[in-house]
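**Student:** Next input, structure requested:
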Amino acid sequence: MKVRYSFAVVACALLMLGFGLLYSKHTTTMHVSAAAGGSITGTIKLDGTPPHQKPIDMSKEPFCAK
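**Tutor:** Model prediction:
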């Protein structure tokens, strides 16, 4: 009988802890501002000859075909 009660107490405690964590995530939201954006800089160097690029056929796109 004591095992059932201890199991019930542990289960209730875990449920309360889980709901508490779930609720706390919804109330504390993090706001991010795009004004504090960063930048990426660098240089890309290719040794040797670049691979041959296939031309892009834009005639199948109606807006580009104009």
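**Student:** all contacts plus neighbour counts: C-alpha atoms, from now on.
**Tutor:** Noted.
**Student:** quick one: low-confidence ranges for this structure?
**Tutor:** Within the chain, the stretches with pLDDT under 70 are 1, 24-34, 36.
**Student:** what are the ranges of the helices in it?
**Tutor:** For the chain, helices defined by DSSP state H occupy the ranges 2-27, 62-65.
**Student:** between these, which one is nearest to Ile40?
**Tutor:** Of all the helices of the chain, it is helix 62-65 that lies closest to Ile40, at 30.5 Å by C-alpha to C-alpha.
**Student:** re earlier: single out the most deeply packed of the helices of the chain.
**Tutor:** Across the helices of the chain, averaging neighbours per residue (mean count of other C-alpha atoms under 10 Å) puts helix 2-27 on top, at a mean of 11.
**Student:** and of the helices of the chain, who's closest to Ile44?
**Tutor:** Of all the helices of the chain, helix 62-65 sits nearest to Ile44, with 29.9 Å by C-alpha to C-alpha.
**Student:** The closest one: how far from the chain's middle?
**Tutor:** Centre-to-centre, helix 62-65 and its host chain are 34 Å apart (C-alpha atoms, centre = their mean, to the nearest Å).
**Student:** What lies in contact with it?
**Tutor:** With contact meaning C-alpha atoms under 8 Å, 6 or more residues apart in numbering, helix 62-65 is reached by Met58, Ser59.
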